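Asker: sequence first, then the predicted structure:
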Amino acid sequence: MKIYTFHRKQNLPISVEKAWEFLSSPKNLKTITPDYMSFDILSGAEKPMFAGQIIQYIVTPILGIKTKWVTEIKHVKENKYFVDEQRFGPYALWHHKHFIKAIEGGVEMEDIIDYKVPMGILGQIAHPILVKPKLEEIFAYRQKKLIELFGELK
């Protein structure tokens with residue numbers, strides 16, 4: 001059982017509170033997800049984020065295949081971090097930690113995702129060809145969108 005880790009950091013010239021307000025709202029996920037993924041929230045985003053919150057999405061991650069994705073917000077420490085885990089969806093395992101911390105001139109946002117692809121050895125073969133490049137692409141898009149929204153920390 002191969003578990004992969006995806007790690008990204010981004011610095012923005014905004015306050016911790018502003019970063020938290022944006023990142024902790026599930027409704028903003030659509031804004032930072034590429035349009036071709038047809039990301040739509042089905043339910044669970046009506047209230048501010050809380051531990052135990054279940055959020056259901058429809059997303060088209062690869063090859064135009066629509067997929068239902070259900071995540072649970074497992075842990076929340078306001079203005080510090082939150083953790084979401086996939087309950088049902090395209091991964092065999094998805095554990096995503098989001099950290100926010102103040103730095104000089106703004107905030108550092110850090111994402112750490114531990115994940116496992118489905119389909120055993122076939123999934124492991126597909127990982128470097130499809131899955132990892134797709135995650136790289138999605139997070140490059142997020143980085144660009146966040147800079148458009150909030151500016152770039154110089």
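Answerer: That came through, no problem.

Asker: which residue ranges of this structure form strands?
Answerer: For the chain, the strands defined by DSSP state E cover 4-12, 40-43, 54-59, 67-77, 81-88, 93-103, 106-116.

Asker: output the helix or strand bottoming out on mean pLDDT in the chain as CSV, nothing but the C-alphas.
Answerer: When the helices and strands of the chain are scored by mean pLDDT, DSSP states H and E, helix 120-126 comes last with a mean of 91. What follows is helix 120-126, C-alpha atoms only, in CSV (Å, rounded to 0.1, in the frame of the first residue of the first chain):
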residue,chain,number,x,y,z
GLY,A,120,-3.5,-1.2,-6.7
ILE,A,121,-0.6,-1.5,-9.1
LEU,A,122,-2.6,0.1,-12.0
GLY,A,123,-3.1,3.2,-9.8
GLN,A,124,0.6,3.2,-8.9
ILE,A,125,1.5,3.1,-12.6
ALA,A,126,-1.0,5.9,-13.3
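
Asker: so which of the strands of the chain gets nearest Tyr141?
Answerer: Closest to Tyr141 of the strands of the chain is strand 4-12 (CB to CB; 11.7 Å). Placement of C-beta: from N, CA and C, glycine included.

Asker: before we move on, back to that, could you list the residues in contact with the least confident helix or strand of the chain?
Answerer: Contacts of helix 120-126 with the rest of the structure, by CB atoms under 8 Å, 6 or more residues apart in numbering, involve Lys2, Ala92, Lys116, Val117, Met119, Val131.
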